[in-house]
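Chemist: just a sequence and a predicted model for now, questions to come.
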Amino acid sequence: MQEIRYRNLVLVAILSVVTAGIYLIYWFVRTKSELNSLGAKIPTAWLLLLFPIGTLYWLYKYAEGVHLTVGKDNAPLLWFYFILSSFAFSVVAPLIVQERLNQVASGEAGI
């Protein structure tokens, strides 16, 4: 099982803005692997390049993976993650997901 990595939320936000979203693609790919190690079934990130249908499908599967692995206590958040992520890789959804992953990484959240 791959270890869930603790990431600084401020740094994630700054890198996302400074790199004009390129860091978010990297972030999605890295966290996809971490979520899959927890039991999610998020497909290959190459689907992100198949705009718009592949991207929307991948973002939905990512949101589903977040919900099934680290967001178990809040079913409505599945759609919230998906909608926020669908708006040109908004930095808000990754920060919410990363905050939850940080809880898991530090042992504060039971999964």
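Modeler: Nice, I can see it.

Chemist: quick check: chain neighbours aside, which residue is closest to residue 30?
Modeler: Nearest residue to residue 30 in three dimensions, chain neighbours excluded: residue 5, at 7.4 Å (Cβ to Cβ, 6 or more residues apart in numbering). For glycine as for every other residue, the C-beta is placed from the backbone atoms N, C-alpha and C.

Chemist: how close does that neighbour sit to residue 46?
Modeler: To residue 46, residue 5 is 22 Å away according to Cβ to Cβ, to the nearest Å.

Chemist: same question, residue 64
Modeler: Distance from residue 64 to residue 46, counting by Cβ to Cβ: 18 Å.

Chemist: okay, the two: which has more neighbours?
Modeler: residue 64 (18 against 10; other Cβ atoms under 10 Å).

Chemist: per-residue pLDDT, that one?
Modeler: Model confidence at residue 64, given as pLDDT, is 85.

Chemist: assign a three-state SS to it, would you?
Modeler: Secondary structure, DSSP: H, G, I helix; E, B strand; the rest coil: residue 64 is helix.

Chemist: with residue 3 instead?
Modeler: The three-state label given to residue 3 by three-state DSSP is coil.

Chemist: so what pLDDT did it get?
Modeler: For residue 3, the model assigns a pLDDT of 83.

Chemist: check contacts around it.
Modeler: When contacts are counted by Cβ atoms under 8 Å, 6 or more residues apart in numbering, residue 3 touches 34, 105.

Chemist: also residue 31?
Modeler: By Cβ under 8 Å, 6+ apart, the contact list for residue 31 reads 94, 97-98, 101.

Chemist: so which strand or helix has it?
Modeler: In the assignment (DSSP states H and E), residue 31 maps to helix 22-37.

Chemist: ok, residue 100 to residue 69 distance?
Modeler: To residue 69, residue 100 is 9 Å away according to Cβ to Cβ.
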